[in-house]
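Chemist: I'll drop the sequence and a predicted model, then ask my questions.
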Amino acid sequence: MKKAYIKKHTISDIIEILGDTHQTDGLHVHLSKNKFEKIPLSYPFRSDNYAFLLVVSGTIKIQLNLITYTLESNEMISIKSQTITHFLEMSNNLEIIGISFTVDFILKNSFKKTDLNALGFFTSNSIPKLKLLKDEMKTSVSLSKLLEKNNSFSSQKVFFKEEIINYTFGLLMYHYASIYRNTYPNLDANLTRQEELILRFLNILNENLKKERTVQFYADVLCITSGHLSKVLKKVSGKTANQLIDEAVIMEAKILLGNPSLSIAEVTHELQFSDQSFFGKYFKKHTGFSPSEFRKTHKTTSL
């Protein structure tokens, strides 16, 4: 049976790992206070959902696409779908609020175009961390608890339950979007057609990067020409399609090489390169290191 080197988790998977009770399909609110003695998800994984992670007290160190962030009390970060997430450390007094949701949840509940635009910070190339003021924090916690209470299956008899969930989620979403816009005024929060194209490209890339590395493949899936795809990507992200494909492959390779239990031959096979020599030349071209040199000089926490 083929090993899964970077695990993929749905919201349901994460709920079970955390020991939470299932809530509404496509939306889950996790409230944690001194719940875990150790990190329950101690390995890199991908998830099919978007998420807000808010630290109420304590600290947590998290790696998102190989970039490490330390979140302290009153700080939050957004995590977009398919991000490779790795929780590295946490304090004993950690209290967090995590709100996870899928694209299907947004679509099924008929959120307007303006609602989708408010989520535009998820399209940013960077992953900005926010420091919330006292009043902003109080509002965030209150709305999250209200959302969790009504999103639970135990609240079946609540009148207008679906409306309460949708409006509370929408209010919380706009609350965070407002903080983002005030903190990062140059962060464009409008999802243009070009940005929507990039999101679709990145989602397809994450699913196919191990077997498809040509611009033409992704252009064909998106029903556009390779020239148009490259032009849009270059205009919005500053990088060509080939550069983005190579970056995705290299990031995957770095994470796999960070697992000492995998041989370089196994990494080569997992990434579906024709042979180890070709993989080594490809990796060195883009990083300046051979796979073995990278492994020696860039040691990461083992899986």
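Modeler: In hand now; what should we look at?
Chemist: after the helix or strand bottoming out on mean pLDDT in the chain, next one along is what?
Modeler: When the helices and strands of the chain are scored by mean pLDDT, DSSP states H and E, helix 113-118 comes last with a mean of 54. Counting by DSSP states H and E, the element after helix 113-118 in chain order, helix or strand, is strand 129-131.
Chemist: now that next one: how far from the chain's centre is it?
Modeler: How far strand 129-131 lies from its chain's middle: 16 Å, per Cα atoms, centre = their mean, to the nearest Å.
Chemist: which positions in that strand come out as buried?
Modeler: Buried residues in strand 129-131, counted by 16 or more other Cβ atoms under 10 Å: K129, L130. For the C-beta atoms, the positions are set from N, CA and C on the backbone; glycine is no exception.
Chemist: who does it pair up with?
Modeler: Neighbouring strands of strand 129-131 in its sheet, by DSSP bridges, are strand 75-79 (antiparallel).
Chemist: now the partner strand: mean pLDDT?
Modeler: Per-residue pLDDT over strand 75-79 has a mean of 91.
Chemist: which SSE is Q194 in?
Modeler: helix 193-208.
Chemist: look up how far G227 lies from S78.
Modeler: According to Cβ to Cβ, to the nearest Å, S78 stands 32 Å off from G227.
Chemist: now do the strands in the chain.
Modeler: 7-9, 27-33, 45-47, 50-57, 60-64, 67-71, 75-79, 84-90, 95-101, 129-131 (DSSP state E).
Chemist: in CSV, list the ones you listed along with distance to I179.
Modeler: Output for those, formatted as CSV (distance: least, Cβ to Cβ, whole Å):
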stretch, distance to I179
strand 7-9, 27
strand 27-33, 19
strand 45-47, 23
strand 50-57, 11
strand 60-64, 19
strand 67-71, 15
strand 75-79, 9
strand 84-90, 22
strand 95-101, 14
strand 129-131, 6
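Chemist: of all the ones you listed, which lies closest to F160?
Modeler: Proximity to F160 (Cβ to Cβ) singles out strand 27-33 among the strands of the chain, at 16.4 Å.
Chemist: and the closest one with strand 50-57, angle?
Modeler: 20 degrees (axes from the mean of the first three to the mean of the last three Cα atoms, to 10 degrees).
Chemist: neighbouring strands - and their directions - for strand 27-33?
Modeler: strand 95-101 (antiparallel).
Chemist: and the contacts of the partner strand?
Modeler: Here strand 95-101 makes contact (Cβ atoms under 8 Å, 6 or more residues apart in numbering) with 11, 14, 26-34, 47, 49-58, 60, 140-141, 144, 147, 169, 172.
Chemist: who's the residue nearest to F52 when sequence neighbours are not counted bridged to?
Modeler: Nearest residue to F52, sequence neighbours excluded (Cβ to Cβ, 6 or more residues apart in numbering): I99, at 4.6 Å. Assessed by DSSP bridges, I99 has beta-bridge partners V29, F52.
Chemist: number of residues surrounding I99?
Modeler: For I99, the neighbour count with other Cβ atoms under 10 Å is 27.
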